[in-house]
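K.L.:
Could you work out the structure for the sequence below:
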Amino acid sequence: MIEARACDVKSLEPGVLMTYSNCMQLKIDPEFPEPRIISHAVAVLERGGVLAYPTDTNYGMGCAIYEDEAISRVLKLKNLDKHHLLSIICPDLSDIARYAILENNAYQIMKRHLPGPYTFILKATPEVPKIFRSERQTVGIRVPDHPVVLMMTRIFRKPIVSTSTVVANRVCRNGTEINRDFGHGLDLILDTGTIEPKDSTVIDLSGPYPVVERQGAGDISRIVV
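P.N.:
Okay, the predicted model is just below:
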């Protein structure tokens, strides 16, 4: 069943009131996402909105890659400065070459592991806005293995900016918690229920050989050239 809720002011804990904005929270099937809800999410992205969505590691939030105002909203929501590096989610492996330089070895590694709970660090192409590039001119790219975010980005046909729904070292595990902490700055929350958060595995493929910078979810036994 699809449920839509407008955010309002409600008591979450005794004596604690949290103010929610008028963002919309939509229940969506995590395995078989309803097309009309995905279409609504794509419309939010197309008009420069900011939304929260499930991934294979936790809930993320983001916006279209070329929407500067929306990117500023994301940074403000997380209390990050403009130099903080954000990852981008691509629709699939074939789209990555537009935004990152893919050597053959890197391509083979990514082909074996995507979609999946990995963040790959690659040399950025000029298509990537400067705000996403590190001093080394690299960019973090994800293709999460989750039906909701995969369908959304494939229909949108452009990458989205992505960051975690973490505040004060606390990870939001469901739509209600996202509403509590970020609802005032979001246009839409896609809620699939509770996700037990875990880190993605971060692998740097920008050099001559792969470097595992953080081991999280996902097998790394095949991260070889």
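
K.L.:
Okay, residue 39 and residue 50: tell me how far apart.
P.N.:
Relative to residue 50, residue 39 is positioned 18 Å away (CB to CB, to the nearest Å). Where you see a C-beta, it was placed from the backbone N, CA and C, and this is true even at glycine.

K.L.:
before we move on, what about residue 154?
P.N.:
Taking CB to CB as the criterion, residue 154 is separated from residue 50 by 20 Å.

K.L.:
So for these two, which residue has more residues nearby?
P.N.:
residue 50 (27 against 14; other CB atoms under 10 Å).

K.L.:
Now do the contacts for that one.
P.N.:
Contacts for residue 50 were tallied using CB atoms under 8 Å, 6 or more residues apart in numbering; they are 44, 61, 62, 63, 70, 73, 74, 77, 185, 186, 187.

K.L.:
Among those, which lie within strands?
P.N.:
For the contacts of residue 50, membership in strands holds for 61, 62, with DSSP state E as the criterion.

K.L.:
Among the contacts of residue 50, which one lies nearest to residue 25?
P.N.:
Proximity of the contacts of residue 50 to residue 25 was ranked by CB to CB; the top entry is residue 186 with 9.0 Å.

K.L.:
was I right about the closest one contacting residue 61?
P.N.:
Yes. Residue 186 sits in contact with residue 61 when judged by CB atoms under 8 Å, with a separation of 6.8 Å.

K.L.:
Check the most centrally placed residue in the chain and give its pLDDT.
P.N.:
Centre of the chain computed as the mean C-alpha position; nearest residue by CA atoms, centre = their mean is residue 162, 3.3 Å away. Here, the pLDDT recorded for residue 162 equals 94.

K.L.:
and if you look at residue 107?
P.N.:
Residue 107 is assigned a predicted lDDT (pLDDT) of 90.

K.L.:
Now for it: which residues touch it?
P.N.:
Under the criterion of CB under 8 Å, 6+ apart, the contact list for residue 107 reads residue 93.

K.L.:
Can you list phi and psi of it for me?
P.N.:
Main-chain dihedrals, residue 107, degrees, to the nearest 10: phi -60, psi -40.

K.L.:
Could you report the separation of it from residue 94?
P.N.:
11 Å.

K.L.:
and what of residue 183?
P.N.:
Computed with CB to CB, the distance linking residue 183 and residue 94 is 35 Å.

K.L.:
Compare neighbour counts for those two and give me the winner.
P.N.:
residue 183 (24 against 8).

K.L.:
Pretty sure that one sits against residue 23.
P.N.:
Yes. Using CB under 8 Å as the test, residue 183 is close enough to residue 23 to be in contact (5.1 Å).

K.L.:
what ranges do the helices span in the chain?
P.N.:
When secondary structure is read from DSSP state H, the chain shows helices at 35-46, 68-77, 93-99, 104-113, 147-156, 175-182.
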